[in-house]
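K.L.:
Sequence and predicted model, in that order:
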Amino acid sequence: MTATTKPKAPSVEDLAAKLISGDRIALARAITLIESVKPEDQLRAQDLLEAILPKTGKALRIGISGVPGAGKSTLIDQFGLNLIEAGYKVAVLAVDPTSSRSGGSILGDKTRMGRLASETDAYIRPSPAGDSLGGVTKTTRETIALVEAAGFDAVLVETVGVGQSETTVSKMVDVFVVVAIPGAGDELQGIKRGLLELADIIAVNKADGDNVDRAERAASEYRAGLHILAAGNPGWEPSVLTVSAMQNKGLDTLLEKIKERQEKLKQSGALAARRGDQAVVWMRELFEQRLLAAFKGGRKAARHWAEMEDKVRDGEISAVSAAAELGRLAKIGQSEG
Ligand SMILES: Nc1nc2c(ncn2[C@@H]2O[C@H](COP(=O)(O)OP(=O)(O)O)[C@@H](O)[C@H]2O)c(=O)[nH]1
Ligand SMILES: [Mg+2]
């Protein structure tokens, strides 16, 4: 090899071994690899994920959602420290409120997780808002697998309540925590019903200072509302508690509830079933992405795609027929009748 040759990328086996030994540089490299869109990197990423598969699945996977300003990041910072104190190694996939990778501020400032960021038993991976939907990227699931293989046994995924991001995250985690805040008037209006239905635990935050009573009232209203919602959802019994992320109040109860729930799910076999189902959904989504990419990648198909889009937009053809026609052209999934 000459001096001008680019240094060879480490082999997948090397990378996997280093990652599993807990090497942070290897972890960062691995994440960069799975995020890469280059076809050759994607093949290596696949091999890497296959190699680490036996080392995944051991973490407590927690989703943290709620409107911007609810205190998710503040809560994760404190809760993460508590988890470390309880013996966990904590990985956080966080929303980065600054819109670009540049800006010069240090990680802790950007994510409001300054204290956690300086812990050796913590790893924080911010997703720039520009690249993600509410903090969720296409590779969030893969990243969870990587941090698990690197030995992190608590994974916190922060998501902002926008679009489909909560639903997506709820399909990746074991426990979905919604951080709510006491507001004025009808509490249940302040949170979308869809989000409420995903919640395993609702933590009414900012229960401190003058806010304690309002937080308690909000919690009661959530309990009442959930009671009604739960009538149509057998087996779904979310808990509601009040916390103060800032004053580290109620977070011990939050951890207890999470662990209790996880233990119950494990004992009943529901955890394995849930994760199995999640893996199947993941496979289906990846396959659909591939199918679509392959289809649109073909020149002929791409031309028809644009044509169909125009026709659908102008009302010349229904979306249903257009999709069927495109499917016929691509020779995919023609069901008879
Ligand atoms: N009083 C009080 N303020 C809080 C608490 N948690 C967060 N905040 C404040 O709420 C604002 C938004 O917090 P942040 O964690 O960035 O919210 P996020 O957008 O949900 O991640 C900040 O000004 C925090 O200092 C809390 O428990 N009590
Ligand atoms: Mg935040």
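P.N.:
Done, it's in. Ligands and ions are numbered 1, 2, ... in the order given.
K.L.:
Counting neighbours, what do you get for the residue of the chain found nearest ligand 2?
P.N.:
Nearest to ligand 2, among the residues of the chain, is S73, at 3.3 Å (CB to the ion). Quick note: C-beta positions are derived from backbone N, CA and C, even for glycine. S73 has 25 neighbours, counted by other CB atoms under 10 Å.
K.L.:
Need the per-residue pLDDT for the residue nearest to it when sequence neighbours are not counted.
P.N.:
Computed as CB to CB, 6 or more residues apart in numbering, the closest residue to S73 that is not its neighbour in sequence is R112, at 3.8 Å. According to the prediction, R112 has pLDDT 79.
K.L.:
Tell me how many other residues crowd R112.
P.N.:
R112: 19 neighbours (other CB under 10 Å).
K.L.:
what about stretch 258-272, average pLDDT?
P.N.:
Computed over stretch 258-272, the mean pLDDT rounds to 92.
K.L.:
send the alpha carbons of that stretch over as CSV?
P.N.:
Once non-C-alpha atoms are left out, stretch 258-272 reads as follows in CSV (Å, rounded to 0.1, in the frame of the first residue of the first chain):
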residue,chain,number,x,y,z
ILE,A,258,-40.7,0.9,34.6
LYS,A,259,-38.9,-2.0,36.2
GLU,A,260,-42.1,-3.4,37.6
ARG,A,261,-43.7,-3.3,34.2
GLN,A,262,-40.7,-4.8,32.5
GLU,A,263,-40.6,-7.6,35.0
LYS,A,264,-44.3,-8.4,34.5
LEU,A,265,-43.8,-8.4,30.7
LYS,A,266,-40.8,-10.7,31.0
GLN,A,267,-42.6,-13.2,33.3
SER,A,268,-45.7,-13.4,31.1
GLY,A,269,-43.7,-13.8,27.9
ALA,A,270,-45.2,-10.6,26.6
LEU,A,271,-41.8,-8.9,26.3
ALA,A,272,-40.4,-11.5,24.0
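K.L.:
host element of I228?
P.N.:
Using DSSP states H and E, I228 sits within helix 212-230.
K.L.:
Which strands or helices does that helix pack on?
P.N.:
Packing partners of helix 212-230 (3 or more CB pairs under 8 Å, 6 or more residues apart in numbering; DSSP states H and E): helix 193-198, strand 201-204, strand 239-242.
K.L.:
Present these as TSV; the columns should include distance to ligand 1, mean neighbour count and mean pLDDT.
P.N.:
Formatted as TSV, the helices and strands packed on helix 212-230 follow (distance: least, CB to the nearest ligand atom, whole Å; neighbours: other CB atoms under 10 Å; pLDDT from 0 to 100):
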stretch	distance to ligand 1	mean neighbour count	mean pLDDT
helix 193-198	13	15	79
strand 201-204	10	26	94
strand 239-242	10	21	95
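K.L.:
Out of the ones you listed, flag the one nearest L146.
P.N.:
Nearest to L146, of all the helices and strands packed on helix 212-230, is helix 193-198, at 24.8 Å by CB to CB.
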